[in-house]
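In: How does the following fold in three dimensions:
(one chain, ligands or ions: 1)
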Amino acid sequence: MAEGQPAQAPTAGSPENDQTDGAAGNSSLQEPAFEVEVELSDLQKDTDNPLGSVASFKDLGLPPAVLQGLFALNFQKPSKVQEKALPLMLATPPRNMIAQSQSGTGKTAAFVTTVLSRVDFNKPDSPQALLLAPSRELARQIESVIAQIGQFVPDLGIAAAIPGGIPRGEHVKKAVVVGTPGTVMDLIRRRQFDVSHLKVFVIDEADNMLDQQGLGDQCTRVKTMLPKDIQILLFSATFPDKVMKYATAFAPSANMIKLKVQDLTVKGISQMYMDCPGQSDKYEILCKLYGLMNIGSSIIFVKTRESATRIQQSMVRDGHKVSVLHGAYEGSERDSLLDDFRTGKSKVLITTNVLARGIDVSTVSMVINYDIPMKGMGDATHDTETYLHRIGRTGRFGRVGVSITFVSDKKSFMALQAIAQDLQIDLVSLSPDDWDETEMQVQRVIKSSRAQANFVPSAGA
Ligand SMILES: Nc1ncnc2c1ncn2[C@@H]1O[C@H](COP(=O)(O)OP(=O)(O)OP(=O)(O)O)[C@@H](O)[C@H]1O
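Out: Model prediction:
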């Protein structure tokens, strides 16, 4: 389930710094919180910051029940994308929207708030909003955010159109439907899902979903079955030019919120790389990092399901507690694996690109790119978008975190260089030969992220 608590950095010397969260419980909790220099409220006052805005949620003309839901989650102020996109999406007559904003800046709450404001819950049996996401995990997370923000909406009903979510033959009789494209298409074709009264169609991770190499076909087919005048909302942290062309045709005359290249990266994420002598050294280096991975929670991204399982088994054999999640697992197993990770029952998760996008677990303080993301036939080229989404699993809404990308040969080194060039950034180099220095550099960031995690803001504070 998505976590309701917003990020909040503790103030130096505040009593909240002494609070622990049940998930961690180790000596790192003693770390003084003065390393955390900025509070979320300061970030939100800065209108140049992606989390900052001049508006308050009260200014946005939202239905009282929705406003109450946002405040119950302790959302004090809208982030920039929320402040800008909400009035455009809620204007009459409804207009399409293509919105880009950095990872972890509250895009989900922006489109969920729109959906909850547009749907007529006096007709709870009639599907009126459809939201699509690329993975079962993300669809479930969005479902949970709708339930949280919509907790005061009378007769709120949400259907999860994911594999195993809606029994064959059963009609979808909920006002809001969230799912993955394949399952949604099947439900429409089997006439289980009447789409004729849909008013809003949201596609999260839209660049990925509309990519013709990927899910583009399915999303396009779903769209052809929907009412012609439906409001289309496309959201992502990345919109490469090639896909943007298609997106503007998919959502005609859309209002647009776009990021400049230099604004793509999240400032709270310290991006590092580990210069591994060779491919065969990567595993040993990963194991050496294990102690650091456990200070918060960590996600390790690898290229294939097979290598994810292989590395997890080796690490377990070597005495480490590590779980693995990828598309080969059954739905219910995937659900419980991610739930365990969210609650801190498991703290180190090895996965593939299936979890690269959208997943919001605030305790993640480290992301490791064990294999650098590549795309195209035979991994022909570096994949800057996937890199951004993967590292964006940390540093959520003002938190800090570390990403470490392993390079082990000329090809991976060149790929990382190309990614850095695309994003106009410099990465910090870590050396496997100077472990003390490596630990210090990583700990410096992660321990301040622990201090942030220890602060649990009280509702309405
Ligand atoms: N206005 C707000 N105030 C405080 N916290 C917020 C606010 N809006 C969203 N959040 C929190 O910020 C976190 C990140 O939000 P969200 O998952 O929507 O990011 P995103 O922009 O969709 O990221 P991604 O690109 O990775 O999908 C969530 O835990 C959410 O609860």
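In: ok, which residues in the stretch 251-400 of the chain are in contact with the ligand?
Out: Within the stretch 251-400 of the chain, the positions near the ligand by CB under 6 Å from any ligand atom are 358, 360, 362, 392, 396-397. In short, each C-beta sits where N, CA and C put it, glycine included.
In: pull the CA atoms of the lengthiest helix in the chain into CSV?
Out: Identified as the longest helix of the chain according to DSSP state H is helix 435-454. What follows is helix 435-454, C-alpha atoms only, in CSV (Å, rounded to 0.1, in the frame of the first residue of the first chain):
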residue,chain,number,x,y,z
TRP,A,435,36.2,0.9,1.1
ASP,A,436,36.5,3.3,4.1
GLU,A,437,36.0,6.3,1.8
THR,A,438,33.2,4.6,-0.1
GLU,A,439,31.3,3.8,3.1
MET,A,440,31.8,7.3,4.4
GLN,A,441,30.4,8.9,1.2
VAL,A,442,27.4,6.7,1.1
GLN,A,443,26.7,6.8,4.8
ARG,A,444,26.8,10.6,4.8
VAL,A,445,23.7,10.6,2.7
ILE,A,446,21.9,7.6,4.0
LYS,A,447,22.2,8.4,7.6
SER,A,448,20.5,11.8,7.0
SER,A,449,17.8,9.9,5.2
ARG,A,450,17.3,7.7,8.3
ALA,A,451,17.0,10.8,10.4
GLN,A,452,14.2,11.9,8.0
ALA,A,453,12.5,8.6,8.2
ASN,A,454,12.5,8.7,12.0
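In: Next, format the residues of the stretch 251-400 of the chain next to the ligand as JSON lines and append neighbour count and secondary structure.
Out: Converted to JSON lines, those look like this (neighbours: other CB atoms under 10 Å; DSSP: H, G, I helix; E, B strand; the rest coil):
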{"residue": "G358", "neighbour count": "27", "secondary structure": "coil"}
{"residue": "D360", "neighbour count": "22", "secondary structure": "coil"}
{"residue": "S362", "neighbour count": "24", "secondary structure": "coil"}
{"residue": "G392", "neighbour count": "28", "secondary structure": "coil"}
{"residue": "R396", "neighbour count": "25", "secondary structure": "helix"}
{"residue": "F397", "neighbour count": "24", "secondary structure": "helix"}
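In: got a markdown table for those residues, with pLDDT too?
Out: What follows is these, written out as a markdown table (pLDDT from 0 to 100):
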| residue | pLDDT |
| --- | --- |
| G358 | 97 |
| D360 | 97 |
| S362 | 95 |
| G392 | 98 |
| R396 | 96 |
| F397 | 94 |
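In: For the stretch 201-350 of the chain, which segments count as strands?
Out: For the stretch 201-350 of the chain, applying DSSP state E, counting those that start in this stretch gives strands covering 231-236, 255-257, 269-275, 297-301, 323-325, 348-351.
In: The first one near the ligand anywhere?
Out: No. Contact between strand 231-236 and the ligand is absent, the nearest approach being 7.0 Å (criterion: CB under 6 Å from any ligand atom).
In: And the contacts of that strand?
Out: 89, 94-101, 107, 110-111, 114, 118, 199-208, 210, 223, 247, 250-251, 254 (CB atoms under 8 Å, 6 or more residues apart in numbering).
In: per-residue confidence at the closest residue to the ligand within the stretch 151-300 of the chain?
Out: Closest contact between the stretch 151-300 of the chain and the ligand, by CB to the nearest ligand atom, is at A237 (4.0 Å). pLDDT, A237: 97.
In: Contacts only, for it.
Out: 100-103, 107, 264, 388-389, 392.
In: Tell me which of these fall in strands.
Out: The strands, defined by DSSP state E, take in Q100 from these.
In: packing partners for the helix or strand A147 falls within?
Out: Using DSSP states H and E, A147 sits in helix 136-149. Applying 3 or more CB pairs under 8 Å, 6 or more residues apart in numbering; DSSP states H and E, we find helix 136-149 packed against helix 64-72, helix 107-118, strand 129-132, strand 158-161, strand 176-179, helix 331-343.
In: Same list as before, those that is, but in TSV and with mean neighbour count and distance to M440 included.
Out: Converted to TSV, those look like this (neighbours: other CB atoms under 10 Å; distance: least, CB to CB, whole Å):
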stretch	mean neighbour count	distance to M440
helix 64-72	18	40
helix 107-118	25	35
strand 129-132	27	44
strand 158-161	22	45
strand 176-179	28	43
helix 331-343	17	27
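In: State the distance from the closest residue to D422 other than its chain neighbours to the ligand.
Out: Nearest non-adjacent residue to D422, counting by CB to CB, 6 or more residues apart in numbering: T384, 4.4 Å away. For T384, the distance to the ligand (CB to the nearest ligand atom, to the nearest Å) stands at 15 Å.
In: Could I get the pLDDT score of T384?
Out: 97.
In: burial count for it?
Out: 21 (other CB atoms under 10 Å).
In: which residues of the stretch 351-461 of the chain fall in helices?
Out: All helices of the stretch 351-461 of the chain, identified by DSSP state H, counting those that start in this stretch, fall at 384-391, 410-423, 435-454.
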